[in-house]
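> Got a predicted model here, sequence first, then my questions.
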Amino acid sequence: MSSRAYFLLQRDYQRLKENNYRGITAFPVSEDLMEWEADVEGLQNTIWHGIVLQLTINFTEEYNFVPPVVTFRTIPFHPNVDQQTGRPCIDFLDNPQKWNTSYTLSSILLTLQVMLSNPVLENPVNLVAAQILAEDESKYRLIVRKLSHELLKLQDDSSELSKDSDKFIRPIKISFDDYYKTWSQIATSKAAESYRTPLLEDPNFIGQYFEWKKRNLKHHKEWNLK
């Protein structure tokens with residue numbers, strides 16, 4: 001491999017290993033270094049601490065003139081992460097015009113780590129998460145911890161370790177179907193006393209999402225102001 005992108009990614013990888021950022025790991029899963037997988041843990045003293053989220057990062061030969069495509073494999077319940085695609089809403093990843101060639105693999109992963117504990121409620125891509133966080137932060141924290149626990153348990157139950165030690169062990173992908181199924185169970189669950197809130201016991205809560213979505217589409221400016 002001798003492309004410019006390949007050498008830049010080699011440099012990025014070396015710097016990432018040297019800095020050894022807490023709660024962040026990444027490794028290439030293709031020989032040309034265009035495909036990566038990463039684990040990002042939430043920052044200490046935040047709701048996301050102890051929760052490890054898996055991501056994929058796909059570069060192109062145009063790197064670092066254009067940003068990579070970043071996708072959460074473990075989809076967090078977060079205002080700035082699309083719950084269907086797993087794509088984070090970060091301006092320099094969404095808009096190539098806001099991308100800067102000074103950004104690196106480390107820059108991307110550190111930004112994602114900070115984004116988790118610093119949600120932006122303006123123009124959210126997960127309207128349910130944004131609505132709950134705006135109205136009741138404690139309820140939002142409860143849902144994040146409960147949902148993350150269920151998804152990670154699902155991942156552990158379905159993981160199969162590779163017997164070939166010469167190959168990378170690839171994490172199991174959490175599909176949106178699994179995410180939605182788990183979220184639906186949580187939203188209607190009455191199992192544990194510690195998780196009983198009016199929100200979690202409401203069997204029609206998921207349906208309320210569509211009402212919020214209609215309201216957002218019909219009164220877009222008002223939603224943004226709120």
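Okay, I see it.

> for Thr25, phi and psi?
phi -140, psi 150 (degrees, to the nearest 10).

> is it in a bridge, and if so with what?
Under DSSP bridges, the beta-bridge partners of Thr25 are Asp39.

> Let me know whether Tyr21 touches Leu112 as I believe.
No: contact criterion Cβ atoms under 8 Å: Tyr21 and Leu112 do not qualify, at 11.4 Å. Using the backbone N, CA and C atoms, a C-beta is placed for each residue, glycine as well.

> Let me see the domain layout of this structure.
Here the domain assignment for the chain is 4-117, 127-225, based on automatic domain parsing.

> one step back: for Tyr21 and Leu112, indicate the residue with more neighbours.
Using other Cβ atoms under 10 Å as the criterion, Tyr21 and Leu112 rank with Leu112 on top: 23 against 14.

> just checking, that one touches Ile90?
Yes: between Leu112 and Ile90 there is a contact under Cβ under 8 Å: 7.4 Å.

> Give the residues shared as contacts by those two.
Jointly contacting Leu112 and Ile90 under the rule Cβ atoms under 8 Å, 6 or more residues apart in numbering are Val70.

> Least confident secondary structure element in this protein?
Counting by mean pLDDT, DSSP states H and E, the weakest-scoring helix or strand in the chain turns out to be helix 198-201, with a mean of 41.

> pLDDT on stretch 132-143, on average?
Per-residue pLDDT over stretch 132-143 has a mean of 94.

> Skipping its backbone neighbours, what lies nearest Glu61 in space?
The shortest distance from Glu61 to any non-neighbouring residue, by Cβ to Cβ, 6 or more residues apart in numbering, is to Ala5 (5.1 Å).

> likewise Ile143?
Phe77 is the one closest to Ile143 (Cβ to Cβ, 6+ apart), at 6.0 Å.

> With that, I have no additional questions.
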